[in-house]
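Colleague: what shape does this take:
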Amino acid sequence: AVLTFLGLLVMPLSVLAQKSISELRPAHAAALHAFITKHPEQQFLSELELDKEILKDMRRNFGPSLTPYYRQGDFNHDGVQDFAMILAKEGPPSKDLGPDLAASHRYRHDIAVVIFNGQKRGGFKAAFVKNTDAPLVCFLYVTFEKRKRLYFAVYETDEHFIMVPAGNGYLVEYGPDKN
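Modeller: Predicted structure coming up:
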């Protein structure tokens, strides 16, 4: 437990926070900035948008370094690190599912999941964009399989999809309850 705590103390802030683009790795921030410049309807989504208690609970369940809207890894299995982001359209929620749901899940926002493939000669290229809507308690995570896969999910629900590498891009694979 002491070693874990000490390890957290020396981790760079960018691993533990996702409050602004400047907290991302510089190459990721540059690629994201270039993408947003070409797609001004998409905006960086800060973890500050999440209720602090929900974020704390998400980190208790998925690990203390969870950055819900930002994930790094070799998603297409080519030996080069990639990264993925959840971006959101600026403005109010696009849907209100009614007062029977908790506020955290009631309001759905227009979002985009974007995967930036790392290039062998450096830099990143947006290889996948999936526009959808979801409550802000959504997150990106990686499966625990030997050949890890990136997935998008909504916290405390069965709503999810997996992004499977295919050629230079990705296909979306839904669970058995969705097409």
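
Colleague: nearest residue to the middle of this structure?
Modeller: residue 69 (3.1 Å; Cα atoms, centre = their mean).

Colleague: can you tell me how far the residue nearest to that residue when sequence neighbours are not counted sits from residue 158?
Modeller: Setting aside the residues directly before and after it, residue 69 is nearest to residue 86 in space (Cβ to Cβ, 6 or more residues apart in numbering), at 4.1 Å. Yep, even glycine has a C-beta here, placed from its N, CA and C like the rest. Remark: distance between residue 86 and residue 158 (Cβ to Cβ, to the nearest Å) = 18 Å.

Colleague: about what we covered before: quick one: secondary structure of the residue nearest to residue 69?
Modeller: Under DSSP: H, G, I helix; E, B strand; the rest coil, the three-state class of residue 86 is strand.

Colleague: wait, isn't it in contact with residue 111?
Modeller: Yes - if you go by Cβ atoms under 8 Å, residue 86 and residue 111 touch, sitting 5.6 Å apart.

Colleague: overlap in contacts, these two.
Modeller: Contact criterion Cβ atoms under 8 Å, 6 or more residues apart in numbering; residues shared by residue 86 and residue 111: 45, 138.

Colleague: low-confidence ranges in this structure?
Modeller: 1-17, 176-179 (pLDDT under 70).

Colleague: off-centre distance for the lengthiest helix in the chain?
Modeller: As assigned by DSSP state H, the longest helix anywhere in the chain is helix 26-38. Counting by Cα atoms, centre = their mean, to the nearest Å, helix 26-38 is centred 15 Å from the centre of its parent chain.

Colleague: can you give me the strands in this protein?
Modeller: In the chain, the segments counted as strands under DSSP state E are 42-44, 70-73, 82-89, 95-96, 107-118, 124-134, 138-142, 150-154, 160-166, 169-174.
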